[in-house]
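Peer 1: A structural model of the following input is requested.
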Amino acid sequence: MTSTEGTGDPRDGADLTLRPARAEDVPALAELFNAARREAVPAMPPHIHPDHEVLAYFGERLALREELWVADSEGTLLGYVHVPGDWLDAIYVRPGHTGQGIGTALLDLVKALRPGGFALWVFTSNVPARRFYRRHGLVELEHTDGSTNEERSPDLRMAWPGADPVGYFRSQIDEVDDELAVLLARRAALTSAVQAYKPVPGHAGRDLERERAIARRMAERAPQLGDQALRRIMHEVISVSLDAADPT
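Peer 2: Numbers count the residues shown, from 1 in each chain. This is a model prediction of the structure:
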């Protein structure tokens with residue numbers, strides 16, 4: 001891939017070069033990342049890895065030939081973007097240089113590299129980043145309670161659906177449906193197995209209070225659906241699972 005030149009800050013006329021990162025950029029990338037994360041608190045939670053691990057991380061990314069681009073102005077790294085596969089893993093701009101079009105240039109580069117669309121995670125608390133992404137056409141999708149990220153901070157998935165939004169979102173739906181089919185089969189198998197140990201098996205032995213507790217617990221993980229909707233969903237899932245356990 002080739003460098004992209006001439007995307008300078010329109011307010012100061014500086015030349016900005018977007019190019020693939022090189023091995024010699026690793027120290028500057030680590031320094032930029034650490035500075036940007038410190039500057040972002042409290043919009044983002046504090047980063048949990050020490051500096052030497054961050055340095056090793058960037059070295060590993062380049063060794064794995066993952067797509068890592070930098071915004072370079074006269075030898076100074078002002079920003080970078082990391083795009084493994086169809087994910088925007090990270091986009092950072094050096095503190096003191098935000099609001100100058102560097103983030104937009106990097107995001108436009110990702111759109112050019114991934115015309116079919118891409119997704120990313122952003123912390124729910126990072127309102128400026130969410131506003132930036134929405135302004136550039138990204139859509140907010142599901143929210144989480146943060147239990148699966150290292151910082152344990154609520155986050156949300158956003159996506160840029162590319163040139164064919166319907167096709168992009170349908171492909172994402174297909175992936176989720178495939179995962180859901182596996183989980184539903186597992187749920188049905190477990191429901192079938194437990195019937196042999198219940199005093200009253202089958203539909204007659206349903207524990208409605210437990211089902212309500214399941215819905216409440218799930219609502220904590222998926223607040224956008226809410227307790228009532230999840231209660232209806234799980235009522236149907238349990239009903240179908242019990243039917244499968246006793247097809248007669």
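
Peer 1: which stretch of helix or strand covers Leu180?
Peer 2: Per DSSP states H and E: Leu180 is located in helix 165-194.

Peer 1: Now the element after that helix, going C-ward?
Peer 2: helix 208-221.

Peer 1: For that next one, name the packing helices and strands.
Peer 2: With contacts defined as 3 or more Cβ pairs under 8 Å, 6 or more residues apart in numbering; DSSP states H and E, the packing partners of helix 208-221 are helix 226-245. Quick note: C-beta positions are derived from backbone N, CA and C, even for glycine.

Peer 1: list the buried ones in the helix it packs on?
Peer 2: For helix 226-245, burial by neighbour count (16 or more other Cβ atoms under 10 Å) applies to Leu230, Arg231, Met234, His235, Val237, Ile238, Ser241, Leu242, Ala245.

Peer 1: In a markdown table, list those along with pLDDT and distance to Asp89.
Peer 2: Listed next are the buried residues of helix 226-245 as a markdown table, based on pLDDT from 0 to 100; distance: Cβ to Cβ, whole Å:
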| residue | pLDDT | distance to Asp89 |
| --- | --- | --- |
| Leu230 | 96 | 30 |
| Arg231 | 96 | 36 |
| Met234 | 96 | 34 |
| His235 | 96 | 38 |
| Val237 | 97 | 33 |
| Ile238 | 96 | 38 |
| Ser241 | 95 | 37 |
| Leu242 | 96 | 42 |
| Ala245 | 87 | 42 |
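
Peer 1: re the thing from before, distance from the helix holding Leu180 to the middle of the chain?
Peer 2: What separates the centre of helix 165-194 from the centre of its chain is 19 Å, taken as Cα atoms, centre = their mean, to the nearest Å.

Peer 1: tell me what that helix is packed against?
Peer 2: So helix 165-194, by 3+ Cβ pairs under 8 Å, 6+ apart, packs with strand 155-160, helix 226-245.

Peer 1: how about 10 Å then?
Peer 2: strand 118-123, strand 139-143, strand 155-160, helix 226-245 (3 or more Cβ pairs under 10 Å, 6 or more residues apart in numbering; DSSP states H and E).

Peer 1: For these, could you give me CSV that also reports distance to Val26?
Peer 2: Listed next are the helices and strands packed on helix 165-194 as CSV, based on distance: least, Cβ to Cβ, whole Å:
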stretch, distance to Val26
strand 118-123, 23
strand 139-143, 32
strand 155-160, 27
helix 226-245, 45
